[in-house]
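Chemist: how would this look folded up:
(chains A and B)
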Amino acid sequence: GENVEQHPSTLSVQEGDSAVIKCTYSDSASNYFPWYKQELGKRPQLIIDIRSNVGEKKDQRIAVTLNKTAKHFSLHITETQPEDSAVYFCAATPTSYDKVIFGPGTSLSVIP
Amino acid sequence: DAGVTQSPTHLIKTRGQHVTLRCSPISGHKSVSWYQQVLGQGPQFIFQYYEKEERGRGNFPDRFSARQFPNYSSELNVNALLLGDSALYLCASSLDPPSTDTQYFGPGTRLTVL
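Modeler: Here you go, the predicted structure:
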């Protein structure tokens, strides 16, 4: 079945440094890849997404890259701030099914 | 503009009981999806509805069922509750199915089964 793997499971960086989270997906028909940020006790919030016809997308300090051949995509956060501390989930949407498959999450800690 | 709303916020049930969770999508959104999120894990897909029809189903037992109403709100029903059903249940809505459109999550319903 469909599967999304995510690494690392935990990540600790110094404020101002960059953070990179990587995901791989199994269904080659997947065409939509959102990233969500979830703070403790709150709902997942979409932070950026990318579709399969685009290789890279950037929004201020956040960027996502997609390699469809290798079936992996990555989240890049530059100039990290303490408020970036949260759990980040990647996800993939197979076109053949109307569902979103989430990765297991990465707990990011930004140390002031 | 109101976001996705869910009710109740918290719920405590005992094993064997059933529960109904409710979700109201963002105005104009026709697609609703349900997810189960166990503490420390990513959301697990349960159901997706679009225009009142089931369009997707995850790997959950038949004890789980859902429906979408003409106003696009949705209910998730769980029968014969087990301890392992304790989780945060999230509803997400989108204009079109999530394969083509961005989903926005509600605050969730925290279900505790004793």
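
Chemist: Report the backbone C-alpha coordinates of stretch B:4-18 in CSV.
Modeler: Extracted as CSV, the C-alpha positions of stretch B:4-18 are listed here (Å, rounded to 0.1, in the frame of the first residue of the first chain):
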residue,chain,number,x,y,z
VAL,B,4,-13.4,24.1,10.0
THR,B,5,-15.3,23.4,13.2
GLN,B,6,-15.7,20.1,15.1
SER,B,7,-17.8,19.0,18.0
PRO,B,8,-17.5,18.0,20.7
THR,B,9,-14.0,19.2,21.8
HIS,B,10,-13.5,16.4,24.2
LEU,B,11,-15.3,13.1,24.8
ILE,B,12,-14.9,10.3,27.3
LYS,B,13,-16.5,6.9,26.6
THR,B,14,-16.2,3.4,27.9
ARG,B,15,-15.4,0.3,26.0
GLY,B,16,-18.3,-1.1,23.9
GLN,B,17,-20.1,2.2,23.6
HIS,B,18,-20.5,4.1,20.3
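
Chemist: Pull out the buried residues from that stretch.
Modeler: Going by neighbour count (16 or more other Cβ atoms under 10 Å in any protein chain shown), the buried part of stretch B:4-18 is B:4, B:6, B:13. Backbone N, C-alpha and C define where each C-beta goes, glycine included.

Chemist: Who are the contact partners of A:G55?
Modeler: A:G55 makes contact with A:65-67, according to Cβ atoms under 8 Å, 6 or more residues apart in numbering or on different chains.

Chemist: Counting neighbours, which of those residues comes out on top?
Modeler: When neighbours are counted by other Cβ atoms under 10 Å in any protein chain shown, A:L66 leads the contacts of A:G55 with 21 neighbours.

Chemist: Tell me what that one is bridged to.
Modeler: Beta bridges link A:L66 to A:F73 when assigned by DSSP bridges.

Chemist: For it, which residues are in contact?
Modeler: A:33, A:50, A:52, A:54-56, A:73.

Chemist: Please report the distance of it from B:L76.
Modeler: For A:L66, the distance to B:L76 (Cβ to Cβ, to the nearest Å) stands at 32 Å.

Chemist: what about the closest residue to B:T5 other than its chain neighbours, how many residues close to it?
Modeler: In space, and not counting its chain neighbours, B:T5 is closest to B:S24: 4.6 Å by Cβ to Cβ, 6 or more residues apart in numbering or on different chains. For B:S24, the count of nearby residues is 21 (other Cβ under 10 Å).

Chemist: didn't B:S24 look like it was pressed against B:V32?
Modeler: No: counting by Cβ atoms under 8 Å, B:S24 stays clear of B:V32, with 9.1 Å between them.

Chemist: Mutual contacts of these two, please.
Modeler: Common neighbours of B:S24 and B:V32, using Cβ under 8 Å, 6+ apart, are B:S73.
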